[in-house]
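Participant: here is a sequence together with a model predicted from it:
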Amino acid sequence: MSEQETQWYIYNLFPIKTNRPTPDAEDEAQDVEFGVNVQKYVNKILELMETGKGSDIPGVRGSAYGVFNAVTEFVDHWQPVKGKAEKMSNKLFSIWFGNGRVFKQRAFNQLVDLVA
């Protein structure tokens, strides 16, 4: 995936944004603005693309699979979950049935549309 496609993909996973870039835009991705927390999430996914689990396997880094792998690692291991009581069970519920599952499914569907 090109850098522009990767930025478009990640930026469009989050609903809070201005000036949505298109996948074939040259410089539009630079105009995207997020809130502080969402920007942290975007930065973490970008970091996981380079240093996440499996990114050292030949052919993964820079591929569509590598980007999706970074998103799933972010959701499963880094994304904060609301709820104080029994935080681990809240996290697991989110990953399997809740917002984490929905986010990963949306990421998968968006990636399939992008590469198809």
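Facilitator: That came through fine. Residues are numbered from 1 along each chain as shown.

Participant: only C-alpha atoms from now on, for both contacts and neighbour counts.
Facilitator: Fine.

Participant: mind checking which helix or strand of the protein has the lowest mean pLDDT?
Facilitator: One helix or strand of the chain scores below all others by mean pLDDT, DSSP states H and E: helix 87-96, with a mean of 81.

Participant: so which elements touch that helix?
Facilitator: Counting contacts by 3 or more CA pairs under 8 Å, 6 or more residues apart in numbering; DSSP states H and E, helix 87-96 is packed against helix 99-115.

Participant: do a quick rundown of the helices in the chain.
Facilitator: Residue ranges of the helices in the chain, as given by DSSP state H, are 3-11, 36-51, 64-73, 87-96, 99-115.

Participant: hmm, who's touching the third one?
Facilitator: Residues from elsewhere that reach helix 64-73 (CA atoms under 8 Å, 6 or more residues apart in numbering): 1, 6, 45-46, 48-49, 52-55, 60-61, 104, 107-108, 111, 115.

Participant: just the buried members of the residues you listed?
Facilitator: 1, 6, 45-46, 48-49, 52, 55, 60-61, 104, 107-108, 111 (16 or more other CA atoms under 10 Å).

Participant: save those as CSV, and put in distance to Phe74 too.
Facilitator: Compiled in CSV, those are given as follows (distance: CA to CA, whole Å):
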residue, distance to Phe74
Met1, 19
Thr6, 15
Ile45, 6
Leu46, 10
Leu48, 7
Met49, 10
Gly52, 9
Ser55, 13
Val60, 16
Arg61, 16
Lys104, 10
Ala107, 12
Phe108, 14
Leu111, 16
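
Participant: angles on the backbone of Arg61, please.
Facilitator: phi -60, psi 130 (degrees, to the nearest 10).

Participant: ok now do it, which residues does it touch?
Facilitator: 49-50, 55, 67.

Participant: tell me the one of these nearest Gly100?
Facilitator: Val67 (16.4 Å; CA to CA).
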